[in-house]
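> What shape does this take:
(chains A, B, C and D)
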There are 2 protein chains.
Amino acid sequence: MADTETDLLRSSLDLLVLKALNWGPMHGYGISEWIEHATASLLLLEEGTLYPALHRLERRGWITSEWGVSGNNRRAKFYRLTTAGRARFRAQAPLWHRHAEAIAVALRRTSPEPV
Amino acid sequence: MADTETDLLRSSLDLLVLKALNWGPMHGYGISEWIEHATASLLLLEEGTLYPALHRLERRGWITSEWGVSGNNRRAKFYRLTTAGRARFRAQAPLWHRHAEAIAVALRRTSPEPV
DNA sequence: TACCATCCCTTGTGTCACAAGGGTAGGCAC
DNA sequence: GTGCCTACCCTTGTGACACAAGGGATGGTA
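Numbers count the residues shown, from 1 in each chain, chains lettered A, B, ... in the order given. As a prediction, this is how the structure comes out:
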């Protein structure tokens, strides 16, 4: 029984990750923290969702990764936006907004016919 | 390769169908027309998506169906909102808006930190 | 008669979030 | 030291579901 939260995450996860990395290189744990924080904890990101997503984005060439050391002195894999990833975000984000807005309008209509 | 359009549809299809039926009983074909029309054709509804969705909603008790005759004098199955379906929409629609809005805000942030 | 539009349906197939598991290593309390 | 918590990384089922591509029936119209 899919809930709205899960499916909205599905629609926006890639974009949210790209947006997070727009602030600079970040490791997976940090990305998930940023997303929860940036959505006021409305979106909770399971690790089994996050890591496959990162690998997917890397496979597609939107991001690259590199091992490093976190601020807590721990081994961490840092992700960084590629040029293609930046372009991807610029192209896809407006589409997301457009479609989401169209749905929002439809759900709020007060008359079945066009106005 | 999932696109935003498909996944946003996934997040809102049930709600859109319930919303369509809020205007009164409607057959499947009419529902799909209304949704495309209400979203300015941004969302295209495949038949292989629509009919399973209708059966799903019926199984869950949000809608009921009844065979009848369409305005074009064709055999058609008319769907109608149940009380539970109406309640479902009232409960879920605000959740959809809240989550979508949270994502929209996150995607538009101009600073990584809270304001 | 032929064709199109209007309606309904099903069976693969692929994608993906999630649950539930597993692992390593730093820091701190005792 | 030992134990525990937190910060990090990962994988393998499983289930849900949109989609593509098929199929079918019938009314109106040319």
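
> any chance you could map the helices in chain A?
With DSSP state H, the ranges of helices along chain A come out as A:4-21, A:28-38, A:47-59, A:83-108.

> near chain B, anything from the longest one?
Going back to what we said before, that points to helix A:83-108. Yes. Using C-beta under 8 Å from any C-beta of the partner chain, helix A:83-108 reaches chain B at A:92-93, A:95-100, A:102-107. All C-beta atoms are positioned from the backbone trio N, CA, C, and that covers glycine.

> residues contacting the residue nearest to the spatial centre of chain A?
The centre of chain A sits closest to A:L16, judged by C-alpha atoms, centre = their mean, with a distance of 2.0 Å. Shown in contact with A:L16 (C-beta atoms under 8 Å, 6 or more residues apart in numbering or on different chains): A:I35, A:A38, A:T39, A:L43, B:I103, B:A106, B:L107.

> rewinding a little: in TSV, list the helices of chain A along with distance to DNA strand D and mean pLDDT.
Below are the helices of chain A laid out as TSV (distance: least, C-beta to the nearest atom of the strand, whole Å; pLDDT from 0 to 100):
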stretch	distance to DNA strand D	mean pLDDT
helix A:4-21	7	97
helix A:28-38	3	97
helix A:47-59	3	98
helix A:83-108	11	98
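
> nearest to A:G71, of these?
Nearest of those to A:G71, taken as C-beta to C-beta: helix A:28-38 at 8.8 Å.

> Restrict the closest one to CA atoms and write it as PDB.
Output of helix A:28-38 as PDB, limited to C-alpha atoms (Å, rounded to 0.1, in the frame of the first residue of the first chain):
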ATOM      1  CA  GLY A  28      26.000  10.000   1.800                       C
ATOM      2  CA  TYR A  29      25.200  10.400   5.400                       C
ATOM      3  CA  GLY A  30      25.400  14.100   5.100                       C
ATOM      4  CA  ILE A  31      23.200  14.100   2.100                       C
ATOM      5  CA  SER A  32      20.400  12.200   3.900                       C
ATOM      6  CA  GLU A  33      20.700  14.600   6.800                       C
ATOM      7  CA  TRP A  34      20.400  17.600   4.600                       C
ATOM      8  CA  ILE A  35      17.400  16.300   2.800                       C
ATOM      9  CA  GLU A  36      15.500  15.500   6.000                       C
ATOM     10  CA  HIS A  37      16.500  18.800   7.400                       C
ATOM     11  CA  ALA A  38      15.500  20.700   4.200                       C
END
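
> May I see the buried residues of it?
For helix A:28-38, burial by neighbour count (16 or more other C-beta atoms under 10 Å in any protein chain shown) applies to A:G28, A:G30, A:I31, A:S32, A:W34, A:I35, A:A38.

> Could you dump the contacts of A:L16 into TSV and include distance to A:T4?
Below are the contacts of A:L16 laid out as TSV (distance: C-beta to C-beta, whole Å):
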residue	distance to A:T4
A:I35	17
A:A38	18
A:T39	13
A:L43	11
B:I103	11
B:A106	16
B:L107	17
